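Student: need coordinates for the following:
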Amino acid sequence: MRLAKPRIDPIPESEWSDEVREILPRGPEAGRLPNIFATLARHPKLLKRWLVFGGHILGKSSLPAREREILILRIGWLCRCEYEWAQHAVIGRKVGLSDDEVRRITVGPSAPGWAPFDAALLTAVDELRADSMIGDATWSALAARYDTPQLLDLVFTVGQYTLVSMALNTLGVQLDEGLEGFPR
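Tutor: Model (predicted):
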């Protein structure tokens, strides 16, 4: 973790306002609330609006889940956001990424073994991070398979997780219990 302790502590459920309770309903079946939500609950209006956009990117996007997770893991790695990496390594494996693929995401598109389209996804993330734009060759490779909504979802997925990584790193949101950070 880039910070050893949070700059803004997660709010305990015992201190939730009615507004937070409305946004984050809880119950015995819900389990432990991830630190990202407990931290952002310090600003309920922001949390409420961010959850709508984040919910689209994570749950309603037109991208196949495996490909979405390649994008998220790569930008989490490039942003050095261990919290995001830890959360999405678990999700990525659930949607079909192998342990080897998760490790190769840290190397990027030049790692041996990537299918050409997976390498194009990784290249798109690298280009967005470096230049805030996908280059023509990469765009053409993506557009050969993706329709317009998928191309938009790709760009906004990388943007969303760049934003989230910046917030998590800056706020010092700590890993949730039981999660492993970056590969060592």
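Student: tell me the contacts of residue 155?
Tutor: 128, 134 (CB atoms under 8 Å, 6 or more residues apart in numbering). The C-beta positions use only the backbone N, C-alpha and C, and glycine is treated the same way.
Student: state the helix or strand in which it lies.
Tutor: Per DSSP states H and E, residue 155 falls inside helix 148-171.
Student: again, but for residue 52
Tutor: Using DSSP H and E, residue 52 falls in helix 44-55.
Student: which secondary element of this structure has the worst mean pLDDT?
Tutor: Using mean pLDDT, DSSP states H and E, helix 18-23 stands out as the lowest-scoring helix or strand of the chain, at a mean of 92.
Student: what does stretch 76-88 contact?
Tutor: So stretch 76-88 is contacted by 1-2, 34-36, 69, 72-73, 75, 105-106, 125-126, 129, 161-162, 164-166, 168-169, 173-176, 179-182 (CB under 8 Å, 6+ apart).
Student: can you tell me which of these are in strands?
Tutor: In strands, judged by DSSP state E, none of those are found.
Student: from those, which land in helices?
Tutor: With DSSP state H as the criterion, helices contain 35-36, 69, 72-73, 75, 105, 125-126, 129, 161-162, 164-166, 168-169 from among the contacts of stretch 76-88.
Student: which stretches of this protein have low pLDDT?
Tutor: For the chain, the stretches flagged by pLDDT under 70 are 25-31.
Student: now do 80
Tutor: 25-32 (pLDDT under 80).
Student: how about residue 8, secondary structure?
Tutor: Counting by DSSP: H, G, I helix; E, B strand; the rest coil, the backbone at residue 8 sits in coil.
Student: quick one: contacts for it?
Tutor: Listed by CB under 8 Å, 6+ apart, the contact partners of residue 8 are 39, 42, 171, 172.
Student: the spatially closest residue to it that is not a sequence neighbour - how many residues pack around it?
Tutor: In space, and not counting its chain neighbours, residue 8 is closest to residue 171: 5.1 Å by CB to CB, 6 or more residues apart in numbering. Counted with other CB atoms under 10 Å, residues neighbouring residue 171 total 20.
Student: how close does residue 171 sit to residue 43?
Tutor: Using CB to CB, to the nearest Å, we find residue 171 at a distance of 11 Å from residue 43.
Student: same check, this time on residue 115
Tutor: Residue 115 sits 41 Å away from residue 43, taking CB to CB as the criterion.
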